[in-house]
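1. no sequence on this one, just coordinates:
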Ligand code: KG4
Ligand code: ZN
């Protein structure tokens with residue numbers, strides 16, 4: 001019955017979680033609001049906020065799980081990819097905790113952890129399955145052969161899907177992070193109102209920078225012709241943009257599933273919280289006979305529960321690291 005403490009600090013969420021025998025008992029997420037007024041995450045501020053938040057988050061996670069510090073068998077932490085200063089806070093904390101308590105230290109790849117969030121609750125996908133991981137920094141199509149055996153089939157050549165949402169929101173004058181707001185406004189808009197271009201990228205890779213530019217020119221031109229256009233058609237623009245981002249993602253996912261010959265298909269990462277993506281994936285899955293796996297909202301965006309679960313599986317495999325481990329800003333899946 002291993003008790004694992006999971007630590008996540010790769011971007012702007014400080015999170016701590018406890019798992020007992022592979023079941024999540026607590027998952028504390030401290031959101032950083034300092035970045036809102038800057039329209040994006042400011043790395044220096046993120047590191048400082050992690051420094052302030054990490055011990056209270058860990059203490060709360062231990063309290064809510066109703067365990068004692070002495071009960072913890074291992075500490076798992078996000079080694080990367082992410083912002084180096086942010087990763088250093090979680091890494092240093094995890095090392096110190098493991099050293100002081102004489103327990104093993106487990107390093108976790110953040111992108112693998114997003115995928116392994118599917119093993120937090122039943123039903124779980126069967127290996128091999130396909131996962132589309134879509135976050136603020138990544139867009140990846142991954143063939144998951146085993147817990148830690150993953151093959152990257154395709155990825156974005158420029159912006160990530162979450163960036164496409166956030167940058168579009170900025171063009172539309174919406175605050176950061178704009179993804180959830182576009183989602184909300186899209187629900188009141190007509191997705192067929194405007195047709196934004198679908199990039200023609202060969203293979204299983206993605207590109208979103210052309211779409212962003214097309215949206216910028218579209219809004220500028222329409223505003224010039226008809227001042228007030230943006231405000232009056234905001235819901236329709238959001239719905240149309242979201243429809244295009246979702247179709248870009250699902251067209252490649254469909255192709256990858258055909259090529260890999262898999263029927264278990266999952267999504268992960270912050271953008272998998274998007275209601276348009278969730279609904280369209282369910283419909284497509286029904287049409288193609290897939291078993292579709294979508295994480296609960298709280299396990300889509302950055303959280304330490306997924307780090308604790310990844311840690312649990314590494315603990316069972318005896319996969320530990322020494323005190324000389326260092327964080328990695330870039331870390332392939
Ligand atoms: O995985 P995540 O929490 O952090 C990273 O590792 O990047 O993903 C954050 C991203 C942001 O770009 C945010 O705008 C996007 O996920 N996001 C959404 C929604 N919720 C979060 N995008 C579209 N619709 C949503 N409902
Ligand atoms: Zn993430």
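-> Structure received. Note that the structure is predicted; figures quoted are calculated from it, not measured. Ligands and ions are numbered 1, 2, ... in the order given.
2. What does residue 147 show for phi and psi?
-> The phi/psi pair for residue 147 (degrees, to the nearest 10) reads phi -50, psi -40.
3. Spit out the contact partners of it.
-> Contacts were defined as C-beta atoms under 8 Å, 6 or more residues apart in numbering; by that measure residue 147 touches 116, 119, 310, 313. Every residue, glycine included, has its C-beta placed from N, CA and C.
4. 6 Å instead, please
-> Contacts of residue 147 were listed using C-beta atoms under 6 Å, 6 or more residues apart in numbering, and they are residue 313.
5. Surely residue 49 touches residue 32?
-> Yes. Under the contact definition of C-beta atoms under 6 Å, residue 49 touches residue 32, with a separation of 4.4 Å.
6. Which one of these two is surrounded by more residues?
-> residue 49 (23 against 20; other C-beta atoms under 10 Å).
7. Make sure that one is indeed in a helix.
-> Yes. Residue 49: assigned to a helix according to DSSP: H, G, I helix; E, B strand; the rest coil.
8. And it, how far from residue 4?
-> Separation of residue 49 from residue 4 (C-beta to C-beta, to the nearest Å) stands at 24 Å.
9. Same check on residue 87?
-> Counting by C-beta to C-beta, the separation of residue 87 from residue 4 is 19 Å.
10. how near is the closest residue to residue 146 other than its chain neighbours to residue 103?
-> Take residue 146 and drop its neighbours on the chain: the residue closest to it by C-beta to C-beta, 6 or more residues apart in numbering is residue 127, 5.6 Å away. According to C-beta to C-beta, residue 127 stands 29 Å off from residue 103.
11. Settle it for me: which of these two has more neighbours?
-> Under the neighbour definition other C-beta under 10 Å, residue 127 and residue 103 were set side by side, and residue 103 has more, 18 against 13.
12. need the helices for the stretch 201-333 of the chain, in chain order.
-> Secondary structure of the stretch 201-333 of the chain (DSSP state H, counting those that start in this stretch): helices located at 209-225, 229-232, 234-260, 275-288, 305-317.
13. what's the angle from the fourth one to helix 234-260?
-> Our comparison of helix 275-288 with helix 234-260, counting by axes from the mean of the first three to the mean of the last three C-alpha atoms, to 10 degrees, yields an angle of 40 degrees.
14. now helix 275-288: mean pLDDT?
-> Averaging pLDDT along helix 275-288 gives 98.
15. List of residues touching that helix?
-> Residues outside helix 275-288 that contact it (C-beta under 6 Å, 6+ apart): 183, 242, 246, 250, 292, 294.
16. residues touching the fifth one, list them.
-> Under the criterion of C-beta under 6 Å, 6+ apart, the contact partners of residue 292 comprise 265, 281, 282, 285.
17. Now a PyMOL select for only the buried ones of those residues.
-> Entered in PyMOL, the line below selects the buried ones among those, by 16 or more other C-beta atoms under 10 Å:
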select buried, resi 265+281+285
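18. what's the most distant pair in the contacts of residue 292?
-> Greatest spatial distance among these (C-beta to C-beta): 265 and 282, at 10.7 Å.
19. That concludes my questions; thank you for your assistance.
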